[in-house]
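*Asks:* this one's sequence-less:
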């Protein structure tokens, strides 16, 4: 069953464009991971310094591999997370069958 992660980032207003660029870089690398089913970054419609990332992995082990990856360590842990004002991460499993359907 897929393992779903929703991460929320709040950057400083002056870092919003930089954070968006870093998130795009992280998304491109993350989508290449073998266990990543999807990695969809979003930007706040009325708050451009807020971001939501909806991630789907084959399973929890695939998510743990993502967190242990070189690109996550370098971009997320090394560059972005230390500069964020807020960060929250939530974990979910789809309702119903493997695709989230009934």
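*Replies:* Sure thing, it's come through. Quick caveat: nothing in here was measured; it's all calculated off a predicted structure.

*Asks:* Neighbours of residue 93, how many?
*Replies:* Each residue near residue 93 was counted by other CB atoms under 10 Å, and the total is 10. Heads up, the C-betas are built off the backbone N, CA and C, glycines and all.

*Asks:* That one and residue 43, how far apart?
*Replies:* Distance from residue 93 to residue 43, counting by CB to CB, to the nearest Å: 26 Å.

*Asks:* Same check on residue 34?
*Replies:* Per CB to CB, residue 34 is found 27 Å from residue 43.

*Asks:* cool, and residue 31?
*Replies:* Residue 31 is 18 Å from residue 43, where distance means CB to CB.

*Asks:* ok, now residue 30?
*Replies:* The gap separating residue 30 from residue 43 is 17 Å, by CB to CB.

*Asks:* what's the answer for residue 3, then?
*Replies:* Separation of residue 3 from residue 43 (CB to CB): 24 Å.

*Asks:* And these two? Which one has more around it.
*Replies:* Taking other CB under 10 Å, residue 3 and residue 43 do not tie; residue 3 has more neighbours (21 against 15).

*Asks:* list the contacts for that one?
*Replies:* Neighbouring residues of residue 3 by CB atoms under 8 Å, 6 or more residues apart in numbering: 56, 57, 58, 59, 60, 62, 63, 91, 93.

*Asks:* swap the cut-off to 10 Å and go again
*Replies:* Contact analysis of residue 3 by CB atoms under 10 Å, 6 or more residues apart in numbering lists 35, 37, 55-64, 66, 91-94.

*Asks:* Let's see which of those end up in strands.
*Replies:* Among the contacts of residue 3, the ones falling in strands (DSSP state E) are 37, 55, 56, 57, 91, 92.

*Asks:* tell me which residues form a beta bridge with the third one?
*Replies:* In this entry, residue 56 is beta-bridged to residue 4, residue 38, by DSSP bridges.

*Asks:* pretty sure it is touching residue 91, no?
*Replies:* No: using CB atoms under 10 Å, residue 56 is not in contact with residue 91; the gap is 11.5 Å.

*Asks:* Which neighbours do the two have in common?
*Replies:* Joint contacts of residue 56 and residue 91 (CB under 10 Å, 6+ apart) are 3, 4, 5, 63.
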